[in-house]
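K.L.:
Quick one, what's the 3D model for this:
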Amino acid sequence: QVQLVESGGGLVQSGGSLRLSCAASGRTSSNYRMGWFRQAPGKEREFVAAISWSGISTYYPDSVQGRFTISRNDAKNTVYLEMNSLKPEDTAVYYCAAQRPSRGSYDVPHNYDYWGQGTQVTVSS
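P.N.:
Below you'll find the predicted structure:
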């Protein structure tokens, strides 16, 4: 089992920045792909960012490309999501997730094996 705990959420004005952290514990593995998803009230869980096990490859949807940056520090078992130029439409609960190797596409929530409890991000206009 892998436990994931997110932190760093909060209230920020439009145009501001936040840095989310995801601390992993338990049977962690540097071979896991790590991802961030978000879910706003009444909406489906949405892919935000993913990073390969090596940290070399990163993936983003068009909605956050150029504004969000995912990174990982395996020595600290931590994944980060740097969010800049935040918009009100970025408001959601943000979830960290871990995917074992060969589990499929990086942007599908169902393909991830472990999830954190989420952290709220609210962007005011």
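K.L.:
for this structure, what spans make up the strands?
P.N.:
Listed in chain order, the strands of the chain (DSSP state E) span 2-7, 10-13, 18-26, 33-39, 46-51, 58-59, 68-73, 78-83, 92-99, 114-115, 119-124.
K.L.:
For these, give me a markdown table that also has mean neighbour count.
P.N.:
Bear in mind the C-beta positions are built from the backbone N, C-alpha and C, glycine included. Output for the strands of the chain, formatted as a markdown table (neighbours: other CB atoms under 10 Å):
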| stretch | mean neighbour count |
| --- | --- |
| strand 2-7 | 18 |
| strand 10-13 | 13 |
| strand 18-26 | 18 |
| strand 33-39 | 24 |
| strand 46-51 | 22 |
| strand 58-59 | 16 |
| strand 68-73 | 18 |
| strand 78-83 | 23 |
| strand 92-99 | 23 |
| strand 114-115 | 18 |
| strand 119-124 | 17 |
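K.L.:
JSON lines for those, including mean pLDDT?
P.N.:
As requested, the strands of the chain are exported to JSON lines (pLDDT from 0 to 100):
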{"stretch": "strand 2-7", "mean pLDDT": "96"}
{"stretch": "strand 10-13", "mean pLDDT": "98"}
{"stretch": "strand 18-26", "mean pLDDT": "95"}
{"stretch": "strand 33-39", "mean pLDDT": "97"}
{"stretch": "strand 46-51", "mean pLDDT": "98"}
{"stretch": "strand 58-59", "mean pLDDT": "98"}
{"stretch": "strand 68-73", "mean pLDDT": "97"}
{"stretch": "strand 78-83", "mean pLDDT": "97"}
{"stretch": "strand 92-99", "mean pLDDT": "97"}
{"stretch": "strand 114-115", "mean pLDDT": "96"}
{"stretch": "strand 119-124", "mean pLDDT": "98"}
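K.L.:
so which of the ones you listed gets nearest residue 106?
P.N.:
strand 46-51 (3.9 Å; CB to CB).
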